[in-house]
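Novice: This is a predicted model, with the sequence first.
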Amino acid sequence: MSGTDTKLPLNSAFAGVITLLLALVALPQQATGQIWADATVVTVYVDATSTAATPDGTTWALAYTNLQDALLAVDAAPPTPGDPVQIWVASGTYAPDVADVGTLPAACTTDATDCTFAIIDNVAIYGGFNGSETSFADRDVDANQVVLTGDLATSTTAFAKTVVTCATGCGVTPTDAAEVDGVTIKKGSGGSTGGAVLVDDGDLTLNLGTAFQNSATDGGAMHVSGATGGIDISITNSRFYRNDASNDGGALFLGNPTAASTLTIENTIFSGNDAVGDGGAISSLLANWAVTAMNNTFEDNSAVDGGAIIFALGTLDIDNQIFFGNTASGAGNSINNGTAAAVDLDNSLLDDSGCPTATVVVTCTGGNIFSADPLFTNATLEDFTLRAGSRAINNGTSTGAPSADIVGNTRPYNSGAVDMGAYESQVGLDFGDLPTG
């Protein structure tokens, strides 16, 4: 979404858009490098406007018209073992295709809402193409937006329960890496788990995207769980807008993996997400999670406990965050933590009056700014850049900070210090007030 988009009403009737790693929207963001840069890569092409009589995905002229067709073809006849596949997707809107069930869940043949884009090992999906590029560097995810939607063309009322799925060991080794990059995922209603994305026993990288208006019982946009081992998830340069959960985790719900698991979140915005239960943006009520959050913005999320985040077990390390306008009808507008959680909050700006104290005191070592307004350019229009005079400017830490912000601006700007939040201010040096805690 651009800074000129107005906020739209939530629609919890949308069925699940993605079972997978992540729901993403094309942003005017930084370009990122391809995974498997040194490997022999097979490219498969998808273009909704393709008129090829016998598409095989080998060129833009022979592109598949639906992402589902490309995934099914790669699954049925994978390339040489060890050769990864990149699926280049041209601008357009794509929904799971009930007509081509292939290896999809059998229920998809009788119930369209069970159809999903099932991510395959060793496959990366990249949006942002116009259908003529010969080089990955030529893509533009802002100009050529790719939308993965749960709004099924087969019915005016049917919506896919999950749009993207990464399951059963998807991407669990470096040679089987899985990535979704530069797409928008919306109108997913995942039933009990993950309206936009469901990750079940898989490792995923999610980059340059937006999860928008998705709903589920737990994890309105994304649900992560695992029964056979640890999980590693990376979410970068993305946006979770106006997703809702009828229970916990308006945007993201972390389930209970059977082994130690990690989640890294950088340069990501959580805005307008809601949970009827706990964790307006993020809910982690179970063990085995080690979460690192760096340079993210949490705004206007709501829940009973933990307006932005509820974290009951495991470890949560937070630096360079902005928490503003989040609300809890119970305890913890910004953060609610449990008796067994180790939560460390540093170098962040909050509108809380002090270090969050819901249930157990969060450890606030230093560098935090409390009772502060970050001075967003226009939060109503979802423009979370920082105005001159913001106390979030030049008051972050460079330790562990990403080298660029959500749109590719270098951190720090103009030899200053790193800013707090997803955006690095371009308004010039303004050191603001000193941290208060």
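Specialist: Done, it's in.
Novice: quick one: the strands in the stretch 301-437 of the chain?
Specialist: Assigned by DSSP state E, counting those that start in this stretch, the stretch 301-437 of the chain shows strands spanning 302-303, 309-319, 322-324, 327-328, 335-346, 349-350, 376-378, 383-386.
Novice: In a markdown table: the ones you listed, plus mean neighbour count.
Specialist: C-betas here are computed from N, CA, C, even on glycine. Output for these, formatted as a markdown table (neighbours: other CB atoms under 10 Å):
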| stretch | mean neighbour count |
| --- | --- |
| strand 302-303 | 27 |
| strand 309-319 | 23 |
| strand 322-324 | 28 |
| strand 327-328 | 19 |
| strand 335-346 | 20 |
| strand 349-350 | 30 |
| strand 376-378 | 17 |
| strand 383-386 | 22 |
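Novice: Determine which of the ones you listed shows the lowest mean per-residue pLDDT.
Specialist: Lowest mean pLDDT within the strands of the stretch 301-437 of the chain: strand 335-346, at a mean of 87.
Novice: Could you name the helices and strands sitting against that one?
Specialist: strand 309-319 (3 or more CB pairs under 8 Å, 6 or more residues apart in numbering; DSSP states H and E).
Novice: Can you find the helix or strand in the protein with the smallest mean pLDDT?
Specialist: Least confident element among the helices and strands of the chain, by mean pLDDT, DSSP states H and E: strand 164-167 (a mean of 77).
Novice: and it, what does it pack onto?
Specialist: strand 117-118, strand 197-200.
Novice: Could you tell me how far the next helix or strand after it lies from the centre of the chain?
Specialist: As assigned by DSSP states H and E, the chain's next helix or strand after strand 164-167 is strand 179-181. Here the centre of strand 179-181 is set off from its chain's centre by 10 Å, with CA atoms, centre = their mean, to the nearest Å.
Novice: partner strands of the next helix or strand after strand 179-181, parallel or antiparallel?
Specialist: As assigned by DSSP H and E, the chain's next helix or strand after strand 179-181 is strand 184-186. The pairing partners recorded for strand 184-186 under DSSP bridges are strand 146-149 (parallel), strand 210-212 (parallel).
Novice: Reformat these as a markdown table; add mean pLDDT and mean neighbour count.
Specialist: Below are these laid out as a markdown table (pLDDT from 0 to 100; neighbours: other CB atoms under 10 Å):
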| stretch | mean pLDDT | mean neighbour count |
| --- | --- | --- |
| strand 146-149 | 93 | 26 |
| strand 210-212 | 91 | 29 |
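Novice: Mind putting these into JSON lines with distance to residue 400?
Specialist: Shown next, in JSON lines, are the strands paired with strand 184-186 (distance: least, CB to CB, whole Å):
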{"stretch": "strand 146-149", "distance to residue 400": "31"}
{"stretch": "strand 210-212", "distance to residue 400": "25"}
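Novice: any low-confidence regions in this protein?
Specialist: 1-39, 81-82, 97-112, 153-158, 160-161, 168-177, 190, 227, 358-361, 428-437 (pLDDT under 70).
Novice: which residue sits farthest out from the middle of it?
Specialist: Distance from the C-alpha centroid of the chain peaks at residue 53, with 35.7 Å (CA atoms, centre = their mean).
Novice: Using the three-state scheme, assign that residue.
Specialist: Residue 53 carries the three-state label coil when classified by DSSP: H, G, I helix; E, B strand; the rest coil.
Novice: on that earlier part again, and the least confident helix or strand of the chain, how far out from the chain's middle?
Specialist: Distance, centroid of strand 164-167 to centroid of chain: 14 Å (CA atoms, centre = their mean).
Novice: Partner strands of it, with direction?
Specialist: As assigned by DSSP bridges, strand 164-167 forms pairs with strand 117-118 (parallel), strand 197-200 (parallel).
Novice: Burial-wise, tell me which of these comes out on top.
Specialist: Highest mean neighbour count among these (mean count of other CB atoms under 10 Å): strand 197-200, with a mean of 32.
Novice: Could you name the helices and strands sitting against the helix or strand following that strand?
Specialist: Later in the chain than strand 197-200, the nearest helix or strand by DSSP H and E is strand 204-207. Where contact means 3+ CB pairs under 8 Å, 6+ apart, strand 204-207 is packed against strand 179-181, strand 232-236.
Novice: how about those strands, which one is nearest residue 80?
Specialist: Smallest distance to residue 80 across those (CB to CB): 19.8 Å, for strand 179-181.
Novice: which SS state does residue 137 fall under?
Specialist: helix.
Novice: distance of residue 345 from residue 364?
Specialist: 5 Å (CB to CB, to the nearest Å).
Novice: intersection of neighbour lists for these two?
Specialist: residue 355 (CB atoms under 8 Å, 6 or more residues apart in numbering).
Novice: And for residue 417, nearest residue in space, chain neighbours not counted?
Specialist: Among residues not flanking residue 417 along the chain, residue 394 sits closest, at 4.1 Å (CB to CB, 6 or more residues apart in numbering).
Novice: pretty sure residue 218 contacts residue 252?
Specialist: No. Residue 218 is beyond contact range of residue 252, at 9.8 Å (criterion: CB atoms under 8 Å).
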